[in-house]
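1. sequence below, structure please.
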Amino acid sequence: MAGVLANKIAIVTGSSSGLGRAIAVAFAEAGAYVVCADIGASPPKMSVAELVQSQETSLPTHELLEARWPSSSQPRATFVTCDVSMAADVAKLIDNCIARYGTLDIMVNNAGIAPEAMFPSSFRVHEFPEDVWDRTMAVNGKGTWLGCKYAVRQMLRQEPRFSDRGWIINIGSVAAVSGQPVLIAPKSAFADSQTRAIAMEYAHDRIHVNCIHPSFTGTSMLQPMMLRDGVEVVKAALEKDHPWGRLGRPEEIAAMAVFLASGSASWITGQAFTVDGGYTAH
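-> Next up, the predicted model:
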C-alpha cells in the first residue's frame with residue numbers, strides 16, 4: 001500500500017498505543033503526514049502482545065514515524081495533546097494541524113476507553129458505576145462526535161486537493177453487531193449511528209464518512225483483563241470465539257483504515273466494516 005496516501009494529511013486520535021498507533025504507522029508507510037493526538041505521547045510500558053517491548057516500539061508514535069519515514073519537505077509526524085471529550089482540545093487539534101500542514105484530508109476518530117475490562121468477568125449492568133459510565137460516554141460518544149464536527153468544519157473550508165474533499169473514519173467495536181455482557185458503553189453504537197447520519201449529511205460535499213468495527217485485538221486495551229485473569233486464560237477464551245482461531249492484529253485493522261482513506265474507496269460512504277476474524281459470522 002506504499003504511496004496510496006501520498007501527501008495526504010491525517011489526524012489520528014488515540015495514536016499513542018493500540019489501534020491508533022498501528023493506523024498512524026500504516027498511514028505514514030502509505031505516504032501520509034500524520035498528526036498524532038492523545039492525552040500523552042508515550043505508549044504504555046507494557047503491552048499485551050509483548051510484555052517486554054523493544055527500544056523501537058517504546059518510542060512515542062510521532063518519533064517512530066519520523067525515524068522510519070523521514071521527509072525532507074516537512075515533518076512526517078507531529079504530536080498534539082488532546083482530550084477528545086473536550087471541544088476546546090479538539091478544535092485546537094484541528095488548528096494545530098492546519099498551522100503545521102495547511103490542510104486536513106483524513107480524520108480518524110479512534111480514541112476510546114474500555115473501563116469494563118477492569119471489572120470482574122461476573123460484573124453486570126446494575127453494578128456499573130455512574131461516574132464510569134459518564135466518562136466513557138464523554139470519550140467514546142462525544143469524542144467521536146466532536147472529531148467529526150471539527151473535521152467537517154475544516155474540510156468545508158478548503159478546496160479538494162485530491163479526488164474528494166475529505167475522509168473521516170470512526171473506529172467502533174464489534175459490540176455494535178454482537179451483544180456482549182457488560183459491553184454496554186463502547187463506541188460501537190455511537191460510531192455506527194453517527195457515521196451513517198454524518199455521511200448522509202455531507203455526501204454532497206464529497207466528504208466520505210465510514211466506520212470500522214474491530215473485534216478483539218492484541219493491544220493494551222485487553223491488559224486489565226489479562227492482568228486480572230491471566231494472559232493465557234483470557235487469550236484462550238477470546239481465541240475460541242473467533243473462527244480464525246486467534247486475536248486480531250492491530251495492523252489488520254489499520255489496513256482497512258488505509259483502504260477507506262484511499263482513492264480505492266471513492267464510492268464508499270456511510271458504511272460500517274466489521275474486521276473480526278469471523279467473530280460475528282456465527
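2. which residues in this structure form helices?
-> Taking DSSP state H, the helices of the chain run over residues 18-29, 61-68, 87-101, 130-136, 143-157, 188-202, 223-229, 231-239, 250-260.
3. those helices: lowest mean pLDDT?
-> Ranked by mean pLDDT, the helices of the chain end with helix 223-229 in last place, scoring a mean of 77.
4. CA atoms only for that one, dumped as PDB, please.
-> Output of helix 223-229 as PDB, limited to C-alpha atoms (Å, rounded to 0.1, in the frame of the first residue of the first chain):
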ATOM      1  CA  GLN A 223      -4.400  -5.600  29.600                       C
ATOM      2  CA  PRO A 224      -6.600  -5.200  32.600                       C
ATOM      3  CA  MET A 225      -8.400  -8.500  31.900                       C
ATOM      4  CA  MET A 226      -5.200 -10.300  31.300                       C
ATOM      5  CA  LEU A 227      -3.600  -9.000  34.500                       C
ATOM      6  CA  ARG A 228      -6.700 -10.000  36.400                       C
ATOM      7  CA  ASP A 229      -7.300 -13.500  35.000                       C
END
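5. so how far is I171 from the residue nearest the centre of the chain?
-> With distances taken as CA atoms, centre = their mean, the residue of the chain nearest its centroid is N110 (2.4 Å). To I171, N110 is 4 Å away according to CB to CB, to the nearest Å. Where C-beta positions appear, they are placed from N, C-alpha and C, glycine not excepted.
6. let me see the contact set for F216.
-> V174, L222, L238, H242, L247, G248, Y279 (CB atoms under 8 Å, 6 or more residues apart in numbering).
7. repeat that with 10 Å
-> Applying CB atoms under 10 Å, 6 or more residues apart in numbering to F216 gives the contacts 173-174, 180, 222, 225, 234-235, 237-239, 241-242, 246-248, 276-277, 279.
8. and it, what are its phi and psi?
-> phi -70, psi 120 (degrees, to the nearest 10).
9. kindly state the pLDDT recorded for it?
-> As summarised for this prediction, F216 has a pLDDT of 86.
10. could you do the one 4 residues further on as well?
-> Taken from the predicted model, the pLDDT recorded for S220 is 79.
11. surely it touches G18?
-> Yes. At 5.9 Å, S220 and G18 qualify as touching, with contact defined as CB atoms under 10 Å.
12. so which of these two has more stuff around it?
-> A count of neighbours by other CB atoms under 10 Å puts G18 above the other of S220 and G18, at 27 against 18.
13. distance-wise, check the more buried one relative to K240.
-> The gap separating G18 from K240 is 22 Å, by CB to CB.
14. likewise for F216?
-> Taking CB to CB as the measure, F216 falls 11 Å from K240.
15. which neighbours do these two share?
-> By CB under 10 Å, 6+ apart, no residue touches both F216 and K240.
16. quickly note the distance from the residue with the largest distance to the centre of the chain to W133.
-> Seen from the C-alpha centroid of the chain, the residue lying at the greatest distance (CA atoms, centre = their mean) is H126, 29.0 Å away. Separation of H126 from W133 (CB to CB) stands at 12 Å.
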